[in-house]
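Peer 1: Sequence plus predicted model, see below.
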Amino acid sequence: MKDIISIYEFLKNNHIQILSTSIDNTPISRPIASALLYEEKIFYCMNKDKKMYEQLKINSKISICVCASDFSWIRINADAIFSDDLRVKQEYINQGRTRFKNANDDNFAVFYLKNIKAQIHKKAEVVNINS
């Protein structure tokens, strides 16, 4: 759990993350800012009508990269696992971290990171995290 908290704290303190997917051997990157720690998992939320949703359904392998203002940075490789857990969706709503108003909205998707391999780089130090 300590490792997940270390990753989440970095994400929480650096709101905009760059999430990359790959379709037909073509990498695609975009900003995402919805990291949420819930029951020892890092979740993200999104709309099902976005291309990213379609891409993740085809290939769940993702990479997330974030650089902090002090030039420390993190790289995360993981699998994006979709969940229908209404409690997670409701937590996003409760925290005001989504435009969705109803956890049962058919367009509301959440996924969590599984098989995480991460590196946090701070100055000359590199911390490797696998969970």
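Peer 2: Yes, it's here.
Peer 1: What segments of this structure are helices?
Peer 2: Secondary structure of the chain by DSSP state H: the helices cover 2-13, 51-58, 86-94.
Peer 1: Let me know which of those is the nearest to K101.
Peer 2: Closest to K101 of the helices of the chain, according to CB to CB: helix 86-94, at 6.7 Å. Just so you know, the C-beta spots here come from the backbone N, C-alpha and C atoms, and that holds for glycine as well.
Peer 1: Can you list the buried residues in the closest one?
Peer 2: V88, K89, E91, Y92, I93 (16 or more other CB atoms under 10 Å).
Peer 1: how about the nearest residue to the second one once chain neighbours are set aside, what does it touch?
Peer 2: In space, not counting the residues next to it along the chain, K89 is nearest to A103; the distance is 3.8 Å by CB to CB, 6 or more residues apart in numbering. By CB atoms under 8 Å, 6 or more residues apart in numbering, the residues touching A103 are L86, K89, Q90, I93.
Peer 1: show me what contacts the last one?
Peer 2: By CB under 8 Å, 6+ apart, the residues touching I93 are F100, K101, N102, A103.
Peer 1: related to what we said a few turns ago, closest to V126 out of the helices of the chain?
Peer 2: So among these, helix 2-13 is nearest, using CB to CB, at 13.0 Å.
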